[in-house]
Structure formats: structure tokens, C-alpha cells
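Undergrad: Sequence plus predicted model, see below.
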Amino acid sequence: MEGTDAGRNCRGGRQGRAVSGLERLFRARSVALVGATERSIWSTAAFANFARLGFPGRVFPVSRKGGMVHGLPAAASCAAIGEPVDAALLMVPEGAIAEAFADLNAAGIRNAVVLTSGFAEIGVEGAAKQEALLAAARAEGVTLLGPNCLGFINYADRVPIWTTQPPLPVLRGGRIAVVSQSGATAGFLAGFAHRQGIGLSYQVSTGNEADVNVARVVDFLVEDEATRVIGLFLETVHDAPLLAEAARRALAAGKPIVAIKIGASETAARAAEAHTGSLVGNDRVFDAVCRQVGILRVQGIEELVFTAALLARLGPVRDRRLGLVSISGGVCEMAADQAEANGVAVPRLAEPTRDALRAVLPAFGTPNNPLDVTGGAMLDPALFARSLPAFAADPAIGMVACFMDVPDTPEEIAGYRGELVRQIAAGFRATGKPCVMLSVMSRPVTEAGRALIEETGIAYLGSGIPWGLAAIGRACAWSAWRERGLPPRVAPPAPAAARPGSEHAALAYLASRGVPVVPVTLAQSAEAAVAAAAALGGPAVLKIASPDIAHKSDVGGVLLNLAGEAAVAAGFDRIIGATQAVKPQARIDGVLVAPMRSEPGVELFVGVLRDPLWGPAIAVGLGGIWVEALRDTAIRLLPVTQAQVLEMFAELRGATLLDGYRGMPGIDRDAAAAAVACIGDAALALGPTLASLEVNPLRATATGAEALDALAIFAEEEA
């Protein structure tokens with residue numbers, strides 16, 4: 001997709017912030033190869049890459065034995081080089097790292113890439129060695145990439161401190177930066193992109209991330225002029241706040257981030273007996289982070305590369321209504337199905353558009369969206385050039401995807417297949433709208449195919465229909481995020497004066513923070529319960545009040561719809577007796593008396609949990625017994641606004657129940673969303689020792705919302 005012409009040099013174009021501190025490393029103009037030897041495949045490949053990339057600076061082999069290494073005189077130490085050096089690649093054994101760092105310090109080298117393994121990746125002993133390595137780097141002011149990493153390639157400035165052979169020939173002018181905690185995966189991503197004719201601006205392996213981590217590299221790349229899209233491969237996140245902040249800046253700058261995040265869902269700081277810990281794992285929290293800061297999350301290499309390539313070529317898509325064009329009716333139908341599956345609108349054509357198409361299509365053609373230009377284009381390729389502008393002129397179409405494979409060989413390019421692509425390109429240019437050509441099946445792009453793409457200037461993905469339409473769907477989603485913008489930062493709520501230690505206290509606390517709460521009275525005798533119930537003027541609910549019992553119904557601690565003095569008094573005794581029988585050691589404060597709510601409504605679950613990486617997160621789903629049965633929740637980091645909660649409601653699989661179902665009235669979504677936002681603020685005010693705050697249920701009706709039950713658990717209570 002990108003050509004092999006000379007890459008741009010952005011050295012002079014970056015005058016902004018340098019928070020990441022990586023400028024001199026990634027744009028080094030002199031490099032020391034420490035531990036250079038012709039007996040090492042790593043050293044041999046690293047040295048060869050300088051010639052492969054056309055590195056414009058100087059390379060200094062460093063070997064204790066001196067002599068000639070890789071055809072150059074080798075210095076016995078970095079200090080012996082005798083002139084300033086920007087960066088060093090350390091390829092020495094783990095036992096020689098300390099001596100190598102002392103040598104870097106003596107030579108004044110402040111940037112190091114460490115290939116050497118044997119650190120945190122091997123366990124506790126290795127982790128201790130890595131801590132010592134980091135301490136040495138910080139003591140000597142060295143920026144450290146690695147250890148246990150393959151290095152990086154800055155394709156834009158032709159700086160390759162990389163220890164394996166990259167895909168050849170190098171494709172210049174790439175706009176996608178790939179950053180991976182796995183060096184091998186970085187290579188796989190680069191290799192797949194190369195086979196698709198897609199060039200890169202950067203290829204970075206961060207390894208164990210003792211110092212430089214993915215977040216710092218993203219922070220650097222947000223302002224890199226050669227990079228339009230950032231692709232990430234993550235196993236974990238070592239600086240969550242910086243990554244989130246860098247992602248926010250990237251979205252504001254119009255620079256998409258596409259990420260693969262692997263790893264089984266680890267339960268995040270599970271809160272005792274609370275539901276929330278099992279519903280909010282770190283993987284689902286990462287999903288929520290992606291939505292909130294504008295990161296496109298994908299599952300595989302193909303999805304990452306095709307999505308990044310499409311966004312690099314098209315940028316933000318303002319009108320996301322899609323027109324589909326092919327030479328095959330079957331392909332049109334498959335594409336329409338995939339577009340719908342990926343949330344992309346395929347509008348119907350207006351009658352004037354249909355008339356214009358009838359004038360250019362063969363008599364047997366049918367003017368629709370998707371548009372089958374028919375096999376007539378095999379005899380007359382210019383049919384594409386005539387029909388595409390008429391098709392795209394429809395006011396309902398904002399962008400066009402046409403399905404055609406780029407030919408593989410010079411002979412095919414010189415024939416009718418090449419002419420088909422040229423005519424499609426001519427039609428694209430005449431539309432004045434964003435256009436992309438997609439292959440019918442996933443296929444590599446040959447050197448001859450790249451030449452045709454460059455000649456025509458066409459935006460092309462060899463993705464096939466499913467991956468191509470998925471990429472378009474993500475591009476549309478990212479464009480919508482960018483247009484909508486990130487929610488404004490809000491000040492944290494004032495800290496709470498005291499912890500709520502019981503359900504009664506938790507409900508009172510929520511009420512003090514603006515959450516609508518059911519009126520509740522704590523009764524410590526049957527007589528007090530009867531009096532409290534009588535004051536309600538209707539049926540009552542009784543619930544055991546105990547700081548030692550999280551789930552009251554499990555111990556017979558809840559009775560519903562009690563009417564009359566006798567029923568309430570008997571209910572009080574029954575609850576106390578049942579609880580003491582099941583949990584004789586539990587502390588019992590009394591019985592809570594609340595009104596029985598009979599108005600039709602929907603029970604919602606609201607849970608807050610502190611994720612160890614990202615901080616407090618809030619989950620919303622269907623409540624009551626359904627929260628565990630369905631596990632249908634939407635998650636966001638706190639704080640959340642009412643508008644964000646409304647988005648969360650829309651994500652639920654059971655969202656249709658909120659609008660009424662089979663005669664049940666819908667809920668007041670705005671009121672429920674406002675209540676959820678207040679619950680989130682109340683949780684934040686309880687501070688960092690809060691492990692979990694649950695409201696289950698938050699009862700939502702057509703007239704409002706009300707918390708019926710609450711539970712707060714603090715970190716030291718989990719032990």
C-alpha cells in the first residue's frame with residue numbers, strides 16, 4: 001500500500017512536549033553495538049540492518065577483544081570510542097550487564113536497548129536482577145528499552161536498533177507504528193503488514209519493560225509526524241494512567257490506536273462476598289477503558305493491520321453511510337450482511353440516483369445499494385468509471401467500498417484486470433468521497449500489485465470481505481468517538497466523613513449524596529417493627545440488619561409484602577430466628593423495615609470495584625437474581641456522567657426490557673442514569689480503601705429510580 005520511495009525525515013518536525021524522553025533513543029544518529037561478534041546471529045542481523053535501512057549515522061562495534069568486527073574496527077569499551085554516542089545495543093550475557101552499564105556511564109551514553117534475557121521473565125530471582133538493572137540505569141541516567149527485547153526500528157528516520165532481519169524490501173513512507181511487548185509478535189505484525197503491501201513508521205519491542213513501557217512509547221508517538229495510526233500488542237499494562245492520558249491525546253489529535261490485549265480475565269480485587277468482583281475482571285475493565293479513551297480493541301493480527309491500514313489511508317470518516325459496489329451479485333449480498341453485522345449503515349438509493357445509474361448500466365443491471373455493475377464490466381471496464389460517480393452522488397452515501405482484487409503479475413496488470421483497477425480508481429477520483437477497494441478474499445499484495453496501487457493512488461486492502469467490512473465498522477466507530485469527543489474532566493467529589501458500616505448506614509450515606517433511596521427504619525424489637533410498618537401506610541418488607549451477612553435471602557433474612565400488625569410482628573421473630581439458626585455467630589443489629597414497592601419496574605444492579613491497574617470502575621446490569629444468571633453488565637471507569645450511563649444502558653443485551661416489554665412499562669432512563677452517576681460519585685468519595693459498593697437492586701420505574709439495598713466493603717474487611 002505504501003511505496004518504496006525514500007521515507008520522510010521528521011527529525012526537525014518535533015518541537016513539542018518530550019515527556020516520554022525517547023527522542024534521542026528513537027532518533028539516534030550514532031549507535032554502539034556492545035558485545036558485537038560475528039559469531040552471534042543477533043549481532044550479525046543487527047549490524048546488517050543498518051545497511052538494509054540506509055542508516056545515515058555511525059555504528060561502533062564494541063568488543064573486549066577489539067580487532068575487526070563486521071568489517072569495522074571494534075572499540076574495547078564504549079568509553080574507548082572517544083566521541084559522543086546517542087544509544088547502545090547491549091548483547092552481552094546477563095552476568096556482564098552491570099559492567100556494561102558502568103561503561104555506558106563512563107562514555108556518557110544515556111540510551112540503551114537490552115537484548116539480554118534472564119530477568120523478570122524467569123521468575124523471582126530474575127525479577128530481583130531486573131530491579132537491580134533498573135536501579136543502575138536510573139542511577140546513571142540511562143533510558144532503558146528492555147531487557148529481553150528485540151529493539152526497535154524507526155523506519156521514518158531509518159534508525160534500526162533491531163536484532164532480527166525485518167521484512168524486505170523495506171517499504172518506505174509507512175504511517176503505522178507497531179508497539180509490542182512481545183518481540184516475536186512485533187515481527188509477525190510487521191511481516192503480515194509487509195505481505196499486504198503496508199509499510200510501518202515504527203516497529204518497537206518493549207520486552208520486560210523495566211523502564212520504557214508501551215505507555216511511554218505511545219506518549220512519544222502521539223506527536224510523531226510520520227505516524228498516523230498506532231497499533232499495540234499488550235500482555236499487561238504497566239502505566240495505566242499514562243496510557244489512558246496518551247490515548248486521550250491521540251483521539252483529540254485524530255490519531256487512532258488499535259490494540260490487541262491478551263490474557264485470561266483476572267478477577268480484579270474481588271470484594272469478599274460481593275457480586276461485583278466476579279462481574280468486573282481486568283479484561284472487561286480494559287474494554288471499558290478502550291471505549292472511554294477511544295482505543296479500538298481487536299482480537300488478532302489481521303484485524304489490527306487491516307483496521308490500522310484503512311484508518312491510515314482514510315483518516316476520520318465524517319459521513320459513515322456506506323455504498324457497496326462489486327462485479328458480482330453474490331459478493332454484494334455477502335458484503336451487505338457483513339456491513340450490517342459490523343454496524344455500518346447501507347442506505348437505499350434515491351430515485352434520481354437510480355435513474356442516473358439506469359443510464360450507464362447494461363439493460364439487465366439493477367440500480368441498488370449494494371450495486372452490482374454486472375459482468376458487463378469485463379468487456380467494458382470503463383463501466384466502473386461511469387457508474388461509481390453516479391452511485392456516490394446519492395445524498396445518502398458518504399463513502400464507497402468496491403470489491404476487486406489487485407492483480408499479482410505484470411502480465412495481469414497490463415491486461416484487462418489491471419484496466420479494471422485503473423477504471424475503478426478513475427471512478428473513485430470522480431466521486432469526491434472517501435473510497436476504498438477491498439479484495440474479495442484475503443490475499444497478499446505482490447511487488448507488481450504495489451506498483452499498480454501507487455500508480456493509481458487507490459486505497460486498497462487485501463483483506464477479503466469479513467475483515468474489510470470489520471475494519472470499516474471500526475473506522476466508523478472511531479470516527480464517531482472523535483466527533484463526539486471525550487467527556488469533560490470533572491472534579492472529584494468531596495471525601496466522605498465516615499464509612500457506612502451496615503446496609504442501613506450505606507443507604508443513609510447514599511441518600512446524603514443525592515441518590516434516591518427507599519425509606520428504611522431500623523427496628524430492634526417486634527413492637528418497633530410494627531410501629532415502623534404502620535407508619536408506611538401499606539405492605540412492608542423486612543430484612544435482617546447484620547454487618548456479617550451480605551446476602552440476606554440466603555439465610556432467610558428477607559420477607560416481602562407483609563400487611564398487618566400480626567404479620568409484621570411474626571415476621572420479625574421469624575427473621576431473627578432463621579438468621580441465628582443459620583449464622584449463630586453473626587452480629588445482629590435488628591431488622592430493617594421498608595415499604596413494599598408494587599409499581600411495575602426493572603431491577604438494576606450497580607456495583608463499584610477498584611481495579612488494581614485502572615482504579616474505581618462501575619458496572620451496571622439487570623439486578624436481583626439476574627445479575628449472576630445473565631452476567632449482562634456494562635462497565636466504565638469512574639467518574640461517569642449521566643450521558644455515559646445512558647450509553648451503558650444501551651450496551652446491555654437486556655436493554656429492550658428498559659423500554660417496556662410484553663405490557664410492562666418502560667423506565668425513566670434519564671432518572672435511572674442520574675442515580676447511577678450519583679452512586680459512582682458516592683463511591684469515589686469513600687476513598688481508596690473502598691473495595692466494593694453495591695446497590696442491588698436499584699429499582700427503576702416509569703417515574704424514577706430508588707436504591708432498595710446497599711452494601712459497602714472496605715479493603716481490610718476482605719482479609
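TA: Alright, I've got the coordinates. Residues are numbered from 1 along each chain as shown.

Undergrad: Now do the end-to-end distance for stretch 378-396.
TA: One end of stretch 378-396 to the other measures 28 Å (CA to CA, to the nearest Å).

Undergrad: Contacts for that stretch next, please.
TA: When contacts are taken as CB atoms under 8 Å, 6 or more residues apart in numbering, the neighbours of stretch 378-396 outside the stretch itself are 321, 323, 325, 327, 347-350, 353, 356-357, 359-362, 369, 371, 373-374, 376-377, 397, 400, 402, 416, 419-420, 422-424, 426-428, 430-433, 435. For every residue, glycine as well, the C-beta is placed using N, CA and C.

Undergrad: Buried only: go through those for me.
TA: A residue is treated as buried here by neighbour count (16 or more other CB atoms under 10 Å); on that basis the buried members of the contacts of stretch 378-396 are 321, 323, 325, 327, 349, 353, 356-357, 360-361, 369, 371, 373-374, 376-377, 397, 400, 402, 420, 422-424, 426-428, 430-431, 433, 435.

Undergrad: Now the strand or helix carrying A339 - C-alpha only, CSV.
TA: Taking DSSP states H and E as the definition, one finds A339 inside helix 329-341. C-alpha atoms of helix 329-341 as CSV (Å, rounded to 0.1, in the frame of the first residue of the first chain):
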residue,chain,number,x,y,z
GLY,A,329,-24.3,-10.0,-7.1
GLY,A,330,-23.2,-12.7,-4.6
VAL,A,331,-20.3,-10.6,-3.3
CYS,A,332,-22.8,-7.7,-3.0
GLU,A,333,-25.0,-9.8,-0.7
MET,A,334,-22.1,-11.1,1.4
ALA,A,335,-20.8,-7.5,1.8
ALA,A,336,-24.3,-6.2,2.8
ASP,A,337,-24.6,-8.9,5.5
GLN,A,338,-21.1,-8.1,6.9
ALA,A,339,-21.8,-4.4,6.9
GLU,A,340,-24.9,-4.9,9.0
ALA,A,341,-23.1,-7.2,11.3
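
Undergrad: Sort out which residues of it are buried, please.
TA: Judged by neighbour count using 16+ other CB under 10 Å, the buried positions of helix 329-341 are 331-332, 334-336, 338-339.

Undergrad: Which strands or helices does the next helix or strand after it pack on?
TA: Elements were assigned by DSSP H and E; along the chain past helix 329-341, the next helix or strand is helix 351-358. Applying 3 or more CB pairs under 8 Å, 6 or more residues apart in numbering; DSSP states H and E, one finds that helix 351-358 makes contact with helix 382-392.

Undergrad: Now do the helix it packs on against helix 351-358: the angle between them, please.
TA: Our comparison of helix 382-392 with helix 351-358, counting by axes from the mean of the first three to the mean of the last three CA atoms, to 10 degrees, yields an angle of 180 degrees.

Undergrad: pLDDT of helix 382-392, averaged?
TA: In this model, helix 382-392 has a mean pLDDT of 97.

Undergrad: which is the next helix or strand following it?
TA: Following the chain from helix 382-392 toward its C-terminal end, the next helix or strand by DSSP H and E is strand 399-403.

Undergrad: Residues contacting that next one, please?
TA: For strand 399-403, the surrounding residues in contact (CB under 8 Å, 6+ apart) are 314, 317, 319-328, 331, 335, 384, 388, 391-392, 424, 427-428, 431, 433-440, 465, 468-469, 472.

Undergrad: give me that answer again for 7 Å
TA: Taking CB atoms under 7 Å, 6 or more residues apart in numbering as the criterion, the residues outside strand 399-403 that touch it are 317, 319-320, 322-326, 331, 335, 388, 392, 424, 431, 433-438, 440, 472.

Undergrad: Now, those that are in strands?
TA: When DSSP state E defines the strands, the subset of the contacts of strand 399-403 inside them is 322-326, 435-438.

Undergrad: For I679, state which of the residues you listed is nearest.
TA: Nearest to I679 out of the ones in strands among the contacts of strand 399-403 is L322 (CB to CB; 39.3 Å).

Undergrad: Count the neighbours of the closest residue to that closest one other than its chain neighbours for me.
TA: Closest residue to L322 apart from its sequence neighbours, by CB to CB, 6 or more residues apart in numbering: V344 at 5.0 Å. V344: 24 surrounding residues under other CB atoms under 10 Å.

Undergrad: Check the spacing between V344 and C476 real quick.
TA: V344 sits 6 Å away from C476 when distances are taken as CB to CB, to the nearest Å.

Undergrad: Show me the common contact partners of these two, please.
TA: With contacts defined as CB under 7 Å, 6+ apart, the residues shared by V344 and C476 are R320.

Undergrad: and stretch 660-668, which residues are buried?
TA: For stretch 660-668, using 16+ other CB under 10 Å, the buried residues are 666-668.

Undergrad: Export those to JSON lines and append columns for pLDDT, distance to F60 and secondary structure.
TA: Converted to JSON lines, the buried residues of stretch 660-668 look like this (pLDDT from 0 to 100; distance: CB to CB, whole Å; DSSP: H, G, I helix; E, B strand; the rest coil):
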{"residue": "G666", "pLDDT": "88", "distance to F60": "72", "secondary structure": "coil"}
{"residue": "I667", "pLDDT": "93", "distance to F60": "70", "secondary structure": "coil"}
{"residue": "D668", "pLDDT": "95", "distance to F60": "71", "secondary structure": "coil"}
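
Undergrad: Just the endpoints, please. Distance across stretch 341-354?
TA: Across stretch 341-354, the terminal residues are separated by 26 Å (CA to CA).

Undergrad: Tell me which helix or strand F192 sits in.
TA: F192 belongs to helix 183-195 when elements are defined using DSSP H and E.

Undergrad: How confident was the prediction at the residue nearest to L322?
TA: Predicted confidence (pLDDT) for V344: 97.

Undergrad: Could you tell me how many residues sit around the nearest residue to R443 once chain neighbours are set aside?
TA: Leaving out its chain neighbours, the residue that sits closest to R443 by CB to CB, 6+ apart is G462, at 4.9 Å. Using other CB under 10 Å, G462 is surrounded by 27 other residues.

Undergrad: Please work out how many residues are found near M404.
TA: Residue crowding around M404 was assessed by other CB under 10 Å; the count is 23.

Undergrad: That one touches M437, doesn't it?
TA: Yes - shown here, M404 and M437 form a contact pair, counting by CB atoms under 7 Å, at 5.7 Å.

Undergrad: Which neighbours do the two have in common?
TA: I424.

Undergrad: list the contacts for P256?
TA: When the contact criterion is CB under 7 Å, 6+ apart, the partners of P256 are 229, 296, 311, 478.

Undergrad: so who does the last one touch?
TA: If I follow you right, that is W478. Taking CB under 7 Å, 6+ apart, we find W478 in contact with 256, 294, 296, 311.

Undergrad: Tell me which two of those sit farthest apart.
TA: The widest separation within these, taken as CB to CB, falls between G294 and L311 and amounts to 11.9 Å.

Undergrad: which of those two has more neighbours?
TA: A side-by-side neighbour count of G294 and L311, using other CB under 10 Å, places L311 first with 26 against 22.

Undergrad: so where's the stretch 151-300 of the chain shaky on pLDDT?
TA: Within the stretch 151-300 of the chain, the stretches falling below the threshold (pLDDT under 70) are 264-281.

Undergrad: quick one: the helices in it?
TA: Listed in chain order, the helices of the stretch 151-300 of the chain (DSSP state H, counting those that start in this stretch) span residues 183-195, 214-221, 240-252, 276-279, 282-293.

Undergrad: who wins for proximity to A707 among the ones you listed?
TA: With CB to CB as the criterion, A707 lies closest to helix 276-279 of the helices of the stretch 151-300 of the chain, at 15.2 Å.

Undergrad: tell me how far stretch 311-329 is from the chain's mean position?
TA: Once both centres are worked out by CA atoms, centre = their mean, to the nearest Å, stretch 311-329 turns out to sit 23 Å from its chain's centre.

Undergrad: so where's the protein shaky on pLDDT?
TA: Across the chain, the ranges flagged by pLDDT under 70 are 1-20, 264-281, 624-630, 716-719.
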